[in-house]
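J.: Okay, sequence plus prediction incoming.
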Amino acid sequence: MIKDCVAVWDNCLQTIGRNVNPQSFKTWFEPIKPVRLDNDALTIQVPNKFFYEWLEEHYVALLKMTIRQELGAGGRLEYQILMAKQPETNSNKYNGATNSNYNGKASGKKKIDISSPGSIDSDSIKNPFVIPGIKKLKIDSQLNPNYTFDNFIEGDCNKLARSAGQAIAKNPGGTAFNPLVIFGDVGLGKTHLGQAIGNDVLASDPTKTVLYVSSEKFTNQIIDSIRNNAVNDFVNFYQLIDVLIVDDIQFLANKVKTQEIFFHIFNQLHQGGKQIILTSDRAPKDLDGMEERLISRFKWGLSADLQAPDLETRMAILEEKMNQEGLELPQDVVEFICYNIKNNIRELEGVLISLVAQSSLNRRDIDIDLAKEVIKNFVSQMSKEITVGFIQNLVADHFEVPVEKLKGATRKRSIVIARQLSMYLAKNLTNKSLKAIGENFGGRDHSTVIYSCKAVQDLLDTDVIFKDTVADLEKKMRMSLNEK
Ligand code: ADP
Ligand code: MG
């Protein structure tokens, strides 16, 4: 009896359906079309390369078993990939590093047949950024046009990142800086710089497709696309982008599924010579909860950090903001603000805005006195964050040991306890990574921090007095923060 491909695949689907959950079945198996059956080889059509890779990565054993069950021990599975863009000319590409399973034993020998029978019409790709009513697929870049290089003041704190950004803007995807990872603390200009690159690309070539997306939005889109059985639309959509800017990738930490899909999108864009720009609040190596294979790709290009600006740069930035807003401030007030607000440019702008608001509401001149009042309010609002240094000072104070000893190598019992407790509190009260915490203690490594936390926990579990001390300290910390 000659079996036909539809019947064989139907049988396969029944087996598969018993072995995967309904959501995965809907997402990954329903879209597959059986194409032909030649002797022992069943050819199935999948919507794109990503889809194929996903199947191979996650379902290879199941597919192998199912195909052998239907076609006997020599049964093979071949894929045909429907391409959204130009068909790839080199099918060996699939032997590449992106998929170590490819030559796999699993479903026997596989052949990839990349044809584009009725290539996907890009207009039909569902995506969340399309501007309705525009005939040609036009992706709204989601960029804020106010973030440009012109108003991104250069200083020693941002020189490397800024000039790499400009080089990229001239030649997206064509420099060694791919991806560009811009990292640094909050309020230092990561979003501004990332967007400035995108705006500059569009200014010199409006036909380029640029997309800015926050990591939260990206994650939500993935969740939606999985829910709506549209993961391939999602991935296809991202293939259309020339310059992809993903902001605050630290939020992808521990999101396994999102990272998985991002990994594939990253690979496709990178292989296609497209530019990827990422921002993060810490260096790639410190991104806990991020898959190693992603971190290693982040390191392919350039990681450039943004430091806190020095006084001169802060003054230049503040003056730039005043220009933009058409404001004038006495020079001594500008200096006073810049002396006092050091680590966050967003705060610097916040002070400027409050100062102007206060002065017009209360009909007061902008002078040092008003600036003092505003900054006082401001700092207490803004510095809700507990820092490692703050913890170290407080603990050192409490145990009456010098702060430097916490960072040193002394093994004296009282100092060891103070040191371990500081690490423990830093882990629980800040959002610093174990690695970053260790660095604050004279360059200790993350395993020392883990060990310390465990030692403190043991002590807390057994020593009531110690437990009270720690509770006291935590309370003190919270209170002194509110007083500031
Ligand atoms: P981040 O994304 O790192 O938290 P943002 O990019 O949102 O920081 O920057 C915070 C604010 O500071 C923005 O309004 C931005 O325009 C401004 N800013 C940061 N760096 C500079 C700079 N070098 N020149 C001018 N403005 C800057
Ligand atoms: Mg930002």
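T.: Received it, and whenever you're ready, just let me know what you need. Keep in mind the model is a prediction, meaning the values are calculated, not measured. Ligands and ions are numbered 1, 2, ... in the order given.

J.: Please identify the buried residues of the host helix or strand of residue 50?
T.: Using DSSP states H and E, the element containing residue 50 is helix 49-58. Across helix 49-58, burial judged by 16 or more other C-beta atoms under 10 Å covers 49, 50, 51, 52, 53, 54, 55, 56. Using the backbone N, CA and C atoms, a C-beta is placed for each residue, glycine as well.

J.: repeat for stretch 194-205
T.: Result for stretch 194-205 [16+ other C-beta under 10 Å]: buried residues 194, 195, 196, 197, 198, 199, 200, 201, 202.

J.: cool, stretch 210-227 as well?
T.: Neighbour-count burial for stretch 210-227 flags 210, 211, 212, 213, 214, 215, 218, 219, 221, 222, 225, 226 (criterion: 16+ other C-beta under 10 Å).

J.: Residue 340 and residue 368, how far apart?
T.: With the distance defined as C-beta to C-beta, to the nearest Å, residue 340 ends up 11 Å from residue 368.

J.: circling back to that earlier point, from the contact counts, what lies against the helix holding residue 50?
T.: strand 76-81, helix 231-239, helix 256-271 (3 or more C-beta pairs under 8 Å, 6 or more residues apart in numbering; DSSP states H and E).

J.: Would you mark the buried spots in the last one?
T.: Translated: helix 256-271. 258-270.

J.: Show me what the helix or strand residue 195 falls within is packed against.
T.: Under the criterion of DSSP H and E, residue 195 resides in helix 190-204. When contacts are defined as 3+ C-beta pairs under 8 Å, 6+ apart, helix 190-204 sits against helix 159-170, strand 180-184, strand 210-214, strand 243-247, strand 275-280.

J.: Assess the claim that residue 339 and residue 311 are in contact.
T.: Yes: Residue 339 lies in contact with residue 311 (C-beta atoms under 8 Å); the separation is 6.9 Å.

J.: burial measure for residue 7, as a count.
T.: The number of residues packed near residue 7 is 13, by other C-beta atoms under 10 Å.

J.: Relative to residue 271, how far out is it?
T.: For residue 7, the distance to residue 271 equals 37 Å [C-beta to C-beta].

J.: Other residues contacting stretch 462-478?
T.: Here stretch 462-478 makes contact (C-beta atoms under 8 Å, 6 or more residues apart in numbering) with 386, 390, 391, 394, 395, 398, 421, 425, 429, 456, 459, 460.

J.: just to revisit the earlier point, of residue 340 and residue 368, which one has the most company?
T.: residue 340 (17 against 13).

J.: which residue packs closest to that one, ignoring adjacent ones?
T.: residue 375 (5.3 Å; C-beta to C-beta, 6 or more residues apart in numbering).

J.: Around ligand 1, which positions in the chain sit nearby?
T.: Contact residues, the chain versus ligand 1 (C-beta under 6 Å from any ligand atom): 151-153, 158, 184, 186-192, 317, 320, 345-346, 349.

J.: Just the buried ones among those residues, please.
T.: 152-153, 158, 184, 187-192, 317, 345, 349.

J.: now the helices and strands packed on helix 190-204 as CSV including mean pLDDT and distance to residue 406?
T.: Converted to CSV, those look like this (pLDDT from 0 to 100; distance: least, C-beta to C-beta, whole Å):
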stretch, mean pLDDT, distance to residue 406
helix 159-170, 96, 32
strand 180-184, 97, 25
strand 210-214, 96, 37
strand 243-247, 98, 35
strand 275-280, 98, 28
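
J.: now the ones you listed in JSON lines, with distance to residue 294?
T.: Formatted as JSON lines, the helices and strands packed on helix 190-204 follow (distance: least, C-beta to C-beta, whole Å):
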{"stretch": "helix 159-170", "distance to residue 294": "20"}
{"stretch": "strand 180-184", "distance to residue 294": "11"}
{"stretch": "strand 210-214", "distance to residue 294": "16"}
{"stretch": "strand 243-247", "distance to residue 294": "11"}
{"stretch": "strand 275-280", "distance to residue 294": "10"}
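
J.: Give me whichever of those is most buried.
T.: Highest mean neighbour count of the helices and strands packed on helix 190-204: strand 275-280, a mean of 27 (counted as mean count of other C-beta atoms under 10 Å).

J.: which residues touch the residue in the chain that ligand 2 sits nearest to?
T.: Nearest to ligand 2, among the residues of the chain, is residue 191, at 3.2 Å (C-beta to the ion). Residues in contact with residue 191 (C-beta under 8 Å, 6+ apart) are 147, 247, 279.

J.: and residue 207, that's in a helix?
T.: No: looking at residue 207 with DSSP: H, G, I helix; E, B strand; the rest coil, it is coil, so not inside a helix.

J.: tell me the centre residue of this structure?
T.: Taking C-alpha atoms, centre = their mean, the centroid of the chain lies closest to residue 249, which sits 1.1 Å from it.
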